[in-house]
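> the following block contains a protein sequence and its predicted model.
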Amino acid sequence: MIQYPHILTATIVSGSVQDDDGNWIPGTSESVELPCRAEPNGSGRFINLSDGSQYMFAWTVYFPKGTAPIPDGAEVSITSSPEAKGNVRRFSQGQLNSRLWF
């Protein structure tokens, strides 16, 4: 049995910044592939978002402990079966693993 049989691809976009002369420098886009385990939300559960609202997520994705945080709003896709696409709604680092919802 493989603990993390899926691959998640995340596109992380950094915001634009101003240089010392006041000129705006556009943000960059980085694509990251991470081993994971994706589980669909088959029971219609909700999560609480940072603004206090509730969101019915489609997928929970589990990562090895210590995985770098993926920012809210980042575009993600599961590129192995099952295939899924969406935007990160919440990321959490726990004692035994890290996980995100989209």
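That came in fine, so what should we check first?
> could you measure from residue 78 over to residue 44?
20 Å (C-beta to C-beta, to the nearest Å). C-beta coordinates here come from the backbone N, C-alpha and C atoms, glycine included.
> quick one, which of those two is more surrounded?
With neighbours defined as other C-beta atoms under 10 Å, residue 78 and residue 44 compare such that residue 78 has more, 20 against 7.
> for that one, list the residues it contacts.
Residue 78 sits next to 6, 7, 8, 9, 36, 38, 59, 61, 84, 85 when contact means C-beta atoms under 8 Å, 6 or more residues apart in numbering.
> so what pairs up with it in the strands?
Residue 78 forms beta bridges with residue 8, residue 84, as assigned by DSSP bridges.
> what pLDDT does it get?
Here the pLDDT value assigned to residue 78 is 94.
> and the one 4 residues further on, by the same measure?
Per-residue confidence at residue 82 stands at 78 (pLDDT).
> with adjacent residues omitted, what lies nearest to it?
Nearest non-adjacent residue to residue 82, counting by C-beta to C-beta, 6 or more residues apart in numbering: residue 38, 6.5 Å away.
> how many neighbours does residue 69 have?
As a burial measure, residue 69 scores 13 neighbours (other C-beta under 10 Å).
> before we move on, back to that, mind putting the contacts of residue 78 into CSV with neighbour count?
Formatted as CSV, the contacts of residue 78 follow (neighbours: other C-beta atoms under 10 Å):
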residue, neighbour count
6, 20
7, 14
8, 26
9, 15
36, 25
38, 23
59, 20
61, 27
84, 17
85, 13
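> can you point me to the longest strand in this structure?
The longest strand of the chain (DSSP state E) is strand 29-40.
> run through who's touching that strand.
The list of residues contacting strand 29-40 from outside it, by C-beta under 8 Å, 6+ apart, reads 3-14, 58-64, 67, 70, 78-79, 82, 84.
> go with 10 Å
2-14, 57-64, 67-68, 70, 74-76, 78-84, 97-100, 102 (C-beta atoms under 10 Å, 6 or more residues apart in numbering).
> partner strands of it and their direction?
As defined by DSSP bridges, the strand partners of strand 29-40 come to strand 6-13 (antiparallel), strand 59-64 (antiparallel).
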